[in-house]
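Asker: sequence isn't available, so here's the structure alone:
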DNA sequence: TGTTCTGTGTTAAAATATTAACAAGTATTT
DNA sequence: AAATACTTGTTAATATTTTAACACAGAACA
């Protein structure tokens, strides 16, 4: 019964498997082996099998995995089998990008509100949705019983926005503001910090550069 | 001399330290302990000290770290002491958000070109920079000797764009397209996949939901 | 100048995560 | 129907990462 709960690293890979399966199903592929999944995802076949094993046995030995069946299982595991309602706070370029992408390409979530403090943005449309004033946030979050929010406001106001959201019942925040949010223990925060990704990439790029430049550092034997 | 190279997980935290130090220096804080850094970053003090130790001994025992000194060291370590030139491919909302953020808030990088295939976008300005046609990409990358690129094009064309970039000498790619890029071994790719962050967040949020719903599962003593 | 206090840097232990190996099914072939 | 080929699920070994413990060095104070 009580299966050992899956590591965080595993949870981060599940959405990748899900996406590949979506693609395969669209291409009418019905069966897929862990080896081929490996090629598509970049993770090793062993890892994929082990990841799935945390949640059950979904494949057929000698054959592979049924794509539709495995997708359904993954949806259930991740919690996407029922649409997740969410709100976007901050309708700058990033907020708009996220709204547009999720509204058009992510069938598993339902954006029920996009909010911005800037009066000039309020009223304009994005993906058939009117951007609303922050003042209206409370009503919608309560009426729709929203639990998940994406924050794309400037860092200076992110904590205030988060506090507000939490008081309205939000328990999961995807934070794009480059700042640490202090939240109570029952609230989940994932930081999607684009600067971090860029700077750590630069680290590896520069590392190469140095090696190529540094010349012959090998000490000569006397 | 030959220090053991730092784990990936450490590299991902360095930009966070850097940001906090920037903030502290702006507030004229000159000395900081690992304990206070811990509060600001959310990482443990032990972890911070150990992370820094991979690169040297930058603090003073009994006192803490000099903020300016540590920032300079971190800049050197990450490779941000010299400005990194980079290009943005794809000028949709996400490309614009990244361009705007990095041009105005990230002093360590220099965006030398923003490119888009859509003729309607070409010529419009973002942060004082004209969006250029993909056709001009080659000239600028070569002229400026650019090594780093951010890709924010649709998934369908991401691989083609990446191949093109690599042929022009790009060796580091921050990929926002939700697809796996196949690249030669000397090219670094970091995937910044916003869907993955959102879906794994939903996993943890739904996990709670289930527990709260499930009712009293504790078996009664007879 | 010695004593105490504070906080770093280093070494050791514990916890996570990945990789490898293989036994156990399933399908296919002869 | 037996033998072969395949591919999963599970267990064991390895590697990585985090947490903990503490010796050591500088600062403050008596």
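Answerer: Yep, it's here. Since this is a predicted model, take the numbers as computed values, not measurements. Numbers count the residues shown, from 1 in each chain, chains lettered A, B, ... in the order given.
Asker: what parts of chain A come near DNA strand D?
Answerer: A:32-35, A:45-46, A:49-50, A:52-53, A:57-65 (C-beta under 7 Å from any atom of the strand). The C-beta positions use only the backbone N, C-alpha and C, and glycine is treated the same way.
Asker: out of the residues you listed, which are buried?
Answerer: A:32-34, A:49, A:52, A:58-59, A:64-65 (16 or more other C-beta atoms under 10 Å in any protein chain shown).
Asker: okay if I get those as CSV plus distance to residue A:202, secondary structure and pLDDT?
Answerer: Compiled in CSV, those are given as follows (distance: C-beta to C-beta, whole Å; DSSP: H, G, I helix; E, B strand; the rest coil; pLDDT from 0 to 100):
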residue, distance to residue A:202, secondary structure, pLDDT
A:32, 36, strand, 98
A:33, 37, coil, 98
A:34, 34, helix, 98
A:49, 35, helix, 98
A:52, 35, helix, 98
A:58, 40, coil, 98
A:59, 40, strand, 97
A:64, 40, strand, 97
A:65, 38, strand, 98
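Asker: now, among those, which is nearest to residue A:147?
Answerer: residue A:52 (26.8 Å; C-beta to C-beta).
Asker: OK, contacts around the closest one?
Answerer: Neighbour list for residue A:52: A:17, A:58-59, A:70 [criterion: C-beta atoms under 8 Å, 6 or more residues apart in numbering or on different chains].
Asker: how far off centre is the biggest strand by length in chain A?
Answerer: The strand spanning the most residues in chain A, taking DSSP state E as the definition, is strand A:109-116. On the basis of C-alpha atoms, centre = their mean, to the nearest Å, strand A:109-116 is displaced by 16 Å from the centre of the chain it belongs to.
Asker: anything in stretch A:33-41 near DNA strand C?
Answerer: No - shown here: stretch A:33-41 not in contact with DNA strand C (C-beta under 7 Å from any atom of the strand), separated by at least 10.0 Å.
Asker: starting at the chain centroid, how far to that stretch?
Answerer: Stretch A:33-41 has its C-alpha centroid displaced from the chain centroid by 21 Å (C-alpha atoms, centre = their mean).
Asker: do that stretch and chain B meet?
Answerer: Yes - Stretch A:33-41 reaches chain B (C-beta under 8 Å from any C-beta of the partner chain) through A:40-41.
Asker: circling back: out of the contacts of residue A:52, which is nearest to residue A:106?
Answerer: Nearest to residue A:106 among the contacts of residue A:52, with distances taken as C-beta to C-beta, is residue A:17, at 15.5 Å.
Asker: what about the closest one, helix or strand, and which?
Answerer: Per DSSP states H and E: residue A:17 is located in helix A:8-26.
Asker: same thing with residue A:170?
Answerer: Applying DSSP H and E, one finds residue A:170 in no helix or strand.
Asker: just residue A:200 next, same as before
Answerer: Residue-wise, residue A:200 maps onto helix A:194-213 under DSSP H and E.
Asker: what is that helix packed up against?
Answerer: With contacts defined as 3 or more C-beta pairs under 8 Å, 6 or more residues apart in numbering or on different chains; DSSP states H and E, helix A:194-213 has these neighbours: helix B:8-26, helix B:67-78, strand B:84-89, helix B:93-105, strand B:148-151, strand B:172-175, strand B:188-191.
Asker: which one of these lies closest to residue A:151?
Answerer: With C-beta to C-beta, the closest approach to residue A:151 among the helices and strands packed on helix A:194-213 belongs to helix B:93-105: 13.7 Å.
Asker: buried residues in that closest one?
Answerer: Here helix B:93-105 shows B:93-103 as buried, counting by 16+ other C-beta under 10 Å.
Asker: isn't residue A:80 up against residue B:201?
Answerer: No - assessed by C-beta atoms under 8 Å, residue A:80 is found out of contact with residue B:201, at 11.4 Å.
Asker: what about these two, which has more around it?
Answerer: Comparing residue A:80 with residue B:201 by other C-beta atoms under 10 Å in any protein chain shown, the one with more neighbours is residue B:201, at 25 against 22.
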